[in-house]
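Novice: here's a sequence, model it:
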Amino acid sequence: MEERNTTAYELDALHELLEREFEFLKSQDFDQFEGLQKRKQELLDFLIASAPEHDKNLQPTPEAIEENEAFSAKVLKCQNLHKRNEILINQKLTAIQEALASLGHGTQIEKSGTYEHLKKKK
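Specialist: All right, here's what the predicted structure looks like:
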């Protein structure tokens, strides 16, 4: 039960972090945005590591089913927030590319190396 509470707490922390991340992106505060990336990765790593293994012999109770549905809804919400933030970053990159192109610079910014791959670039 303690592990389940910790996982729920970490999932709530991820949700809050993704909301802050979006605010930093909207205000173009990229230093603050970058400062969140390590903690976000820690939360994601924890949630992945704490994912339960399925026991085929386990007979779920109605309470467990309801709890899992609520947890799944939170995970889906975080996934949607993450996707929203990725879309915003991609829009900003496109706007930058268009501005550079209008100034006569042929610089291309590789989108695949941005949001999803921040930790790999470091």
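
Novice: every contact and neighbour count from this point should use C-alpha atoms.
Specialist: Will do.

Novice: any idea which element the residue nearest the centre of the chain lies in?
Specialist: The residue lying closest to the centre of the chain (C-alpha atoms, centre = their mean) is His82, at 3.8 Å. Per DSSP states H and E: His82 is located in helix 62-102.

Novice: show the pLDDT at the residue nearest to the residue nearest to the centre of the chain when sequence neighbours are not counted.
Specialist: Nearest residue to His82, sequence neighbours excluded (C-alpha to C-alpha, 6 or more residues apart in numbering): Leu18, at 6.5 Å. Leu18 is assigned a predicted lDDT (pLDDT) of 97.

Novice: secondary structure element for Leu18?
Specialist: Using DSSP H and E, Leu18 sits in helix 2-26.

Novice: the following helix or strand past that helix packs against which elements?
Specialist: Counting by DSSP H and E, the next helix or strand C-terminal to helix 2-26 is helix 30-49. Applying 3 or more C-alpha pairs under 8 Å, 6 or more residues apart in numbering; DSSP states H and E, we find helix 30-49 packed against helix 2-26, helix 118-121.

Novice: list the contacts of the residue nearest to Lys74 when sequence neighbours are not counted.
Specialist: In this structure, Lys74 finds its nearest non-sequential neighbour in Leu11, 7.3 Å apart by C-alpha to C-alpha, 6+ apart. Applying C-alpha atoms under 8 Å, 6 or more residues apart in numbering to Leu11 gives the contacts 43, 47, 74-75.

Novice: do you know how far Asn85 is from Pro62?
Specialist: Plainly put, Asn85 is 35 Å away from Pro62 if you go by C-alpha to C-alpha, to the nearest Å.

Novice: now name the helix or strand holding the residue of the chain most remote from its centre.
Specialist: In terms of distance from the mean C-alpha position of the chain, Gly104 ranks first, at 34.8 Å (C-alpha atoms, centre = their mean). Gly104 belongs to no helix or strand when assigned by DSSP H and E.

Novice: can you give me the pLDDT of it?
Specialist: You'll see Gly104 listed with a pLDDT of 79.
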